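**Q** the following comprises the amino acid sequence and a computationally predicted model.
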Amino acid sequence: MSQQRLKDRIALVTGASSGIGEATALELARQGAKVAIVARRRERLEALSRQLESLGAEPLVLVADLSDEHQAQRVVKDTEAHYGRLDILVNNAGVMYLEPVAEADLGRWRRMLELNVLGLIASTQAALAGMRARRDGHIVNVSSVAGRFANPNGGGYSATKFGVVAFSEALRREVYKDNIRVTVIEPGMVATELREHIAHAPTREMVEGWTTGMRQLQSQDVAEVIAFCVSRPAHVNINEVLMRPTDQER
Ligand SMILES: NC(=O)c1ccc[n+]([C@@H]2O[C@H](COP(=O)([O-])OP(=O)(O)OC[C@H]3O[C@@H](n4cnc5c(N)ncnc54)[C@H](O)[C@@H]3O)[C@@H](O)[C@H]2O)c1
């Protein structure tokens, strides 16, 4: 039995129907959190919900397309209405399309921007009022190593993940005074369904090449990092440690 470091904490995990989101929902539940899960595939969420139930997580299943900002805001409000508050928001839902700029399908890139960036911003915005009022909350944004380093054919995806890093750093500076913590997670290659979206065949080979000889992460590895970050005692203000406010901001 894991330590119940998240006992009575209320979490919402987006993109929970597979991969990192599914593993994170389970790990938060093992550590005692109550967990709301959201994605588009109801059957997958229902199956996860049964596992969460058996861990005592009192799950809430929400089906939404988070590339729609209104739906992204609604799931936060639905979670707050159901449990009375939201303590931990894990913005994990994302897609990856890798293709050369010259051949890019801009409709696909727009959908990627809408989900990976705008949806994440919308759910964050919806969570702030409640967290501010209680002076308590933790927002975890899942970016990627592609949010710090860009590779050929990864321009569209990296634009979204650099965007997540930039947004999170600005957000952290806006909300640290309200005791809201912001963490960005930047995993390397993780064995999930995400790779199936690699649109361009040579890119698939290239991505395989980048990772040859590297340890491939499992979703559970990332889930444990997220659970560790959100389970720090509230008096440890990591915002102050990671990004010391300038004198003007004090
Ligand atoms: N797998 C990797 O190598 C890797 C590396 C770094 C970062 N990431 C990031 O991790 C996050 C999770 O990805 P994953 O690897 O677990 O892949 P995944 O495909 O298994 O999971 C993505 C999740 O997002 C959901 N989703 C997709 N579109 C959605 C939409 N429009 N509305 C609601 N939900 C939607 C999917 O249903 C799924 O639950 C993503 O943000 C991804 O960019 C993944």
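**A** Thanks, I have the structure now. Numbers count the residues shown, from 1 in each chain.

**Q** state the pLDDT value of Ala234.
**A** If you check Ala234, the pLDDT there is 57.

**Q** now do the longest helix belonging to the chain, average pLDDT.
**A** Longest helix of the chain, by residue count under DSSP state H: helix 155-175. For helix 155-175, mean pLDDT is 97.

**Q** roughly how far is it from the heart of the chain?
**A** Relative to its parent chain, helix 155-175 has a centroid offset of 12 Å by C-alpha atoms, centre = their mean, to the nearest Å.

**Q** pLDDT weak spots in the protein?
**A** For the chain, the stretches with pLDDT under 70 are 1-2, 197, 199, 201, 209-214, 233-250.

**Q** go with 90
**A** In the predicted model, the chain carries pLDDT under 90 at residues 1-3, 151, 188-189, 191, 194-217, 232-250.

**Q** which residues in it form helices?
**A** 19-30, 42-54, 69-83, 106-113, 120-134, 155-175, 201-211, 219-230, 238-242.

**Q** ok, which of those comes nearest Val142?
**A** helix 19-30 (6.6 Å; C-beta to C-beta). (Each C-beta comes from the backbone N, C-alpha and C, glycine too.)

**Q** which ones are touching Val140?
**A** For Val140, the contact set (C-beta atoms under 8 Å, 6 or more residues apart in numbering) comprises Ile88, Leu89, Val90, Asn91, Asn92, Val182, Thr183, Val184, Ile185, Ile226, Cys229, Val230.

**Q** against Tyr157, how distant is the last one?
**A** Pointing back at Val230 there. Per C-beta to C-beta, to the nearest Å, Val230 is found 25 Å from Tyr157.

**Q** which one of those two is surrounded by more residues?
**A** Tyr157 (27 against 24; other C-beta atoms under 10 Å).

**Q** hang on, the more buried one packs against Met96?
**A** Yes: contact between Tyr157 and Met96 holds when scored by C-beta atoms under 8 Å: they sit 4.9 Å apart.

**Q** near the ligand, which residues of the chain show up?
**A** Residues of the chain found near the ligand (C-beta under 6 Å from any ligand atom) are 15-21, 39-41, 65-67, 92-96, 115, 142, 144, 187, 189-190, 192-194, 219.

**Q** filter the residues you listed down to the ones in strands?
**A** Among these, the residues falling in strands (DSSP state E) are Ala39, Val142.

**Q** and the residues of the chain next to the ligand, which of them are buried?
**A** 15-21, 39, 65-67, 92-96, 115, 142, 144, 187, 189-190, 192, 194, 219 (16 or more other C-beta atoms under 10 Å).

**Q** ok, now which ones touch Val117?
**A** Contacts of Val117 by C-beta under 8 Å, 6+ apart are Thr160, Gly163, Val164, Phe167.

**Q** looking at the helices of the chain, which is buried most?
**A** Neighbour counts (mean count of other C-beta atoms under 10 Å) averaged over each of the helices of the chain peak at helix 19-30, with a mean of 26.

**Q** okay, the angle between that helix and helix 219-230?
**A** 50 degrees (axes from the mean of the first three to the mean of the last three C-alpha atoms, to 10 degrees).

**Q** between helix 19-30 and helix 42-54, how many degrees?
**A** 20 degrees.

**Q** give me the helices and strands touching helix 19-30, please.
**A** strand 10-14, strand 34-39, helix 42-54, strand 88-91, helix 219-230 (3 or more C-beta pairs under 8 Å, 6 or more residues apart in numbering; DSSP states H and E).

**Q** run the last query once more with 6 Å
**A** Applying 3 or more C-beta pairs under 6 Å, 6 or more residues apart in numbering; DSSP states H and E, one finds that helix 19-30 contacts strand 10-14, strand 34-39, helix 219-230.

**Q** list the contacts of the shortest one.
**A** The one in question is strand 10-14. Contact partners of strand 10-14, identified using C-beta atoms under 6 Å, 6 or more residues apart in numbering, comprise 21, 24-25, 28, 33-38, 66, 79, 83, 85-93.
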